[in-house]
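# Just the structure for this:
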Amino acid sequence: MEATVECEANTKHSIWLPMTLAGSMFFILGCITWLNGAITPFLQQMLVLSPLQASFIISSFYIAVTVAGIPSAMLIKRVGYKSGMAIGCAVMAASALMYIPAAKLQMIEIFLFAQLMIGVGQTILQTAINPYVVKMGSEKSAAVRVCIMGLLNKFAGVIVPVIFAAVVVSGVVADGEQLSQAQKDAMANSLILPYLAIAGFILLFALFAKFAPLPDLVFEESEGSGKGEVKQALQHPHLVFGVIGIALYVAVEVIAADTIGSYALQIGIADYSVMTSYTMACMLIGYGIGIALIPRFMSQQNALVMSGIAGIVTVLAVVFGSNDSFIIANLLLVPFGGPELPDPLLCIALLGFANAMVWPAIWPLALAGLGRLTGTASGLLIMGIAGGALGPLLIGLGNVAGLGPQGAYVVMIPSYLFILFYAFKGHKMKSWK
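As a prediction, the model looks like this:
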């Protein structure tokens with residue numbers, strides 16, 4: 001199954017029009033994905049959850065990928081990429097409405113189901129949009145196009161927590177775990193209008209994806225299909241290791257972006273809901289550097305090597321840093337009027353910079369040379385997003401095991417070691433023999 005972009009060669013907008021469609025979809029994905037970092041500590045406080053219990057809010061979102069990855073690839077092959085984007089957005093819009101009864105009833109079970117279903121919608125959208133971007137132009141510059149999409153995705157991650165804090169958290173009285181029922185009701189009611197707006201916003205993008213006169217991806221017929229294509233795809237080690245790499249990368253990305261708020265809550269930071277914005281801002285800087293350097297000054301492989309090394313160094317700074325030290329804040333934030341935050345907290349945010357180039361580099365390396373298996377391979381790579389369910393659980397279990405909220409971040413190091421393996425060797429392995 002080989003995907004190509006069906007464009008009119010004589011149209012000067014042949015690249016920028018599909019890029020506009022892709023960019024809008026990545027922005028939607030960013031809005032939904034990075035809202036987790038803001039809403040998790042909010043629900044943790046409102047429902048009085050332990051760190052382990054709160055981790056299930058994030059995990060339920062990402063575990064949907066395990067179920068929906070391959071079915072999403074089959075759906076996209078049947079209906080096309082543009083229709084797949086529309087369906088993914090529609091599922092997310094419907095799922096957003098489930099947060100309203102969850103808030104009214106203050107039931108964690110309904111929140112978890114809503115998270116699961118919105119995860120299914122984003123899986124469909126991810127399966128449609130990533131190969132759309134990779135196959136839009138030269139394979140060597142694919143990481144740059146993914147970087148551009150990542151800028152939009154992470155920009156959403158910067159602004160959404162801030163908006164959530166201003167619209168939902170602002171004015172809600174909550175004093176730690178000593179909440180009255182009236183305070184819980186106020187927190188719950190503050191979610192209703194925002195999630196109505198989110199559902200309507202995403203539905204508009206579903207209509208845009210469906211009816212905009214933009215190029216679609218079309219498929220050449222392949223000899224195999226379904227399970228046969230999956231079996232053929234798994235015969236390529238660089239793809240299999242790429243799937244594992246994506247899973248481990250998403251685990252550390254989610255830890256850096258979605259647990260930073262819970263960590264801030266545990267160490268007594270009042271503005272916990274905006275902490276995800278710091279991680280996303282660091283990722284934006286990383287994406288910008290990637291766009292400037294790849295492929296002219298740096299290969300995708302070297303970018304992956306540097307990301308792995310930076311990740312290990314930064315994790316060690318988190319684990320062994322002192323919450324009484326503010327050196328990083330004094331260097332990076334305070335001179336520009338930012339808040340004075342402890343070094344380990346800011347190092348968690350700096351992991352966003354280390355993580356920025358991993359996804360854009362792994363995708364084209366994993367899809368290289370797969371031809372008609374590209375669609376199925378993309379579905380397998382999307383399944384790797386399920387790794388996001390593992391990261392928060394490991395952090396929660398680390399807390400339970402006695403590592404503490406800070407020491408638990410050591411669980412990230414094996415992921416960065418594997419990313420280094422993929423950069424040096426894994427992506428070059430074209431046969432199991």
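# what's around the closest residue to Leu151 other than its chain neighbours, how many residues?
Take Leu151 and drop its neighbours on the chain: the residue closest to it by Cβ to Cβ, 6 or more residues apart in numbering is Tyr287, 4.8 Å away. The way it works is simple: take the backbone N, C-alpha and C, and place the C-beta from them, glycine included. Residue crowding around Tyr287 was assessed by other Cβ atoms under 10 Å; the count is 27.
# ok, and what's touching stretch 23-33?
Under the contact criterion Cβ atoms under 8 Å, 6 or more residues apart in numbering, stretch 23-33 has outside partners 61, 85, 89, 92, 118, 121-122, 125-126, 128-129, 148-150, 152-157, 160, 198, 201-202, 205, 208-209.
# ok, now stretch 74-94?
Identification of contacts with stretch 74-94 by Cβ under 8 Å, 6+ apart yields 1, 3, 21, 25, 28, 32, 72, 117-118, 120-129, 131-132, 198-200, 202-203, 205-207, 209-210, 212, 214, 216-219, 226, 375, 379.
# what about the strands in this protein?
Under the criterion DSSP state E, the chain carries strands at the ranges 3-5, 217-219.
# where in the protein is pLDDT low?
1-15, 134-143, 170-177, 214-227, 295, 336-337 (pLDDT under 70).
# Grab the longest helix from it for me.
Secondary structure assigned by DSSP state H gives helix 51-79 as the longest helix of the chain.
# any idea how far that helix is from the chain center?
The gap between where helix 51-79 is centred and where its chain is centred comes out at 12 Å by Cα atoms, centre = their mean, to the nearest Å.
# ditto for stretch 278-288
13 Å.
# List the buried residues of that stretch.
Neighbour counts over stretch 278-288 (16 or more other Cβ atoms under 10 Å) mark Tyr278, Thr279, Met280, Ala281, Cys282, Met283, Leu284, Gly286, Tyr287, Gly288 as buried.
# and if you look at stretch 74-91?
Buried-residue list, stretch 74-91, by 16+ other Cβ under 10 Å: 74-77, 80-91.
# got it, and stretch 57-69?
Quick answer for stretch 57-69 (16+ other Cβ under 10 Å): Ile57, Ile58, Ser59, Ser60, Phe61, Tyr62, Ile63, Ala64, Val65, Thr66, Ala68, Gly69.
# what's the farthest-apart pair in the residues you listed?
Ile57 and Gly69 (20.9 Å; Cβ to Cβ).
# Contacts only, for the closest residue to Ile118 other than its chain neighbours.
Leaving aside its sequence neighbours, Ile118 sits nearest to Ser95 (Cβ to Cβ, 6+ apart; 3.8 Å). Going by Cβ under 8 Å, 6+ apart, Ser95 touches Ala114, Met117, Ile118, Val120, Gly121.
# what about 10 Å?
Shown in contact with Ser95 (Cβ atoms under 10 Å, 6 or more residues apart in numbering): 32, 64, 113-122, 195, 198-199, 202.
# ranking those by neighbours, who comes first?
When neighbours are taken as other Cβ under 10 Å, the top entry among the contacts of Ser95 is Gly119 (29 neighbours).
# Measure how buried the closest residue to Ser415 other than its chain neighbours is and give me the count.
Excluding the flanking residues, the one nearest Ser415 by Cβ to Cβ, 6+ apart is Leu248, at 3.8 Å. Neighbourhood size, Leu248 [other Cβ under 10 Å]: 23.
# got it, and Leu29?
Residues within reach of Leu29, counting by other Cβ under 10 Å, total 24.
# Also Ala423?
Neighbours around Ala423, by other Cβ under 10 Å: 26.
# Not counting sequence-adjacent ones, nearest residue to it?
Leu304 (3.7 Å).
# so what's the one you found up against?
143, 245, 249, 357-358, 360-362, 365, 419-420, 422-424, 426-427.
# likewise Val230?
Ile70, Ala73, Gly224, Leu373, Thr376, Ala377, Gly379, Leu380.
# measure it to Ile285 for me?
Using Cβ to Cβ, to the nearest Å, Val230 is found at 37 Å from Ile285.
# Equivalent analysis for Arg78, please.
Using Cβ to Cβ, we find Arg78 at a distance of 40 Å from Ile285.
# got it, and Gly245?
For Gly245, the distance to Ile285 equals 22 Å [Cβ to Cβ].
# wait, Ser307 sits on Ile419?
Yes. Contact criterion Cβ atoms under 10 Å: Ser307 and Ile419 qualify, at 6.5 Å.
# Which neighbours do these two have in common?
Common neighbours of Ser307 and Ile419 (Cβ under 10 Å, 6+ apart) are Tyr249, Ala354, Asn355, Val358, Ala361, Ile362.
# Correct me if wrong: the first one contacts Tyr422.
Yes. Between Tyr249 and Tyr422 a contact is recorded at 9.3 Å, counting by Cβ under 10 Å.
# Find residues that contact each of these two.
Common contacts of Tyr249 and Tyr422, defined by Cβ under 10 Å, 6+ apart, comprise Gly242, Leu304, Gly308, Val358, Ala361, Ile362.
# farthest-separated two in these?
With Cβ to Cβ as the measure, no two of the shared contacts of Tyr249 and Tyr422 lie farther apart than Gly242 and Gly308, at 14.4 Å.
# From the shared contacts of Ser307 and Ile419, list the buried ones, please.
Neighbour counting by 16+ other Cβ under 10 Å classes Tyr249, Ala354, Asn355, Val358, Ala361, Ile362 among those as buried.
# export these to TSV and tack on distance to Pro392?
Putting these into TSV (distance: Cβ to Cβ, whole Å) gives the following:
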residue	distance to Pro392
Tyr249	15
Ala354	18
Asn355	15
Val358	18
Ala361	24
Ile362	21
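# now, which of those sits nearest Ser299?
Taking Cβ to Cβ as the measure, Ser299 sits nearest to Ala361 out of those, at 8.8 Å.
# Can you name the residues that contact that closest one?
Here Ala361 is in contact with 142-143, 146-147, 245, 249, 290, 294, 298-307, 419, 422-423, 427 (Cβ under 10 Å, 6+ apart).
# Counting only helices, which of those residues make the cut?
Going by DSSP H, the helices hold 142-143, 146-147, 245, 249, 290, 300-307, 419, 422-423 from the contacts of Ala361.
# burial measure for the closest residue in space to Gly379 that isn't next to it in sequence, as a count.
Sequence neighbours aside, Ala73 is the residue nearest to Gly379 in space, at 2.8 Å (criterion: Cβ to Cβ, 6+ apart). Burial of Ala73 is recorded as 29 neighbouring residues (other Cβ under 10 Å).
# swap in Trp359?
Trp359 is flanked by 26 other residues according to other Cβ under 10 Å.
# cool, and Trp34?
27.
# likewise Asn323?
Burial of Asn323 is recorded as 14 neighbouring residues (other Cβ under 10 Å).
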